[in-house]
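J.: Model the structure of this input:
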Amino acid sequence: QLQLVESGGGLVQPGGALRLSCAASGFTLDYRTIGWFRQAPGKEREGVACISSSGGNTNYADSVKGRFTISRDNAKNTVYLQMNSLEPEDTAVYYCAAEAQLLRLCVLARHRYDYWGQGTQVTVSS
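T.: Below is the predicted model of the structure:
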């Protein structure tokens, strides 16, 4: 069974940091573009960051540039999202997603992603 599982979410104060992990089971993340998306209450799901299969191509939403970093460890079949300088506006459920097609450039477009995790809650509050 193909599955993506996110972890690492939680409650953090403004200015704090969290590292999210996205682990795959039942298939390999090798050669696949991986994206992180988030959805806040009452809002549409939006792209946060993505990384190409080699890690050489990344894209970030303007709202997180300079604060978030996406990375991957293909040996561990895992992708990470390091989130620093967190703001209350970052509060959302965070999802990782993988493309079915291989070796594509990274684009933050929901329709490009075929496999989705169940999400992990990130809450930024004092």
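J.: okay, now the closest residue to C96 other than its chain neighbours: neighbour count?
T.: Computed as Cβ to Cβ, 6 or more residues apart in numbering, the closest residue to C96 that is not its neighbour in sequence is C22, at 3.4 Å. Bear in mind the C-beta positions are built from the backbone N, C-alpha and C, glycine included. Counted with other Cβ atoms under 10 Å, the neighbours of C22 add up to 27.
J.: swap in Y94?
T.: Y94 has 23 nearby residues by other Cβ under 10 Å.
J.: One more: D62?
T.: As a burial measure, D62 scores 6 neighbours (other Cβ under 10 Å).
J.: Double-check that it belongs to a strand.
T.: No. Using DSSP: H, G, I helix; E, B strand; the rest coil, the assignment for D62 is coil, not a strand.
J.: Report the secondary structure element holding the residue nearest to C96.
T.: Counting by DSSP states H and E, the element that carries C22 is strand 18-25.
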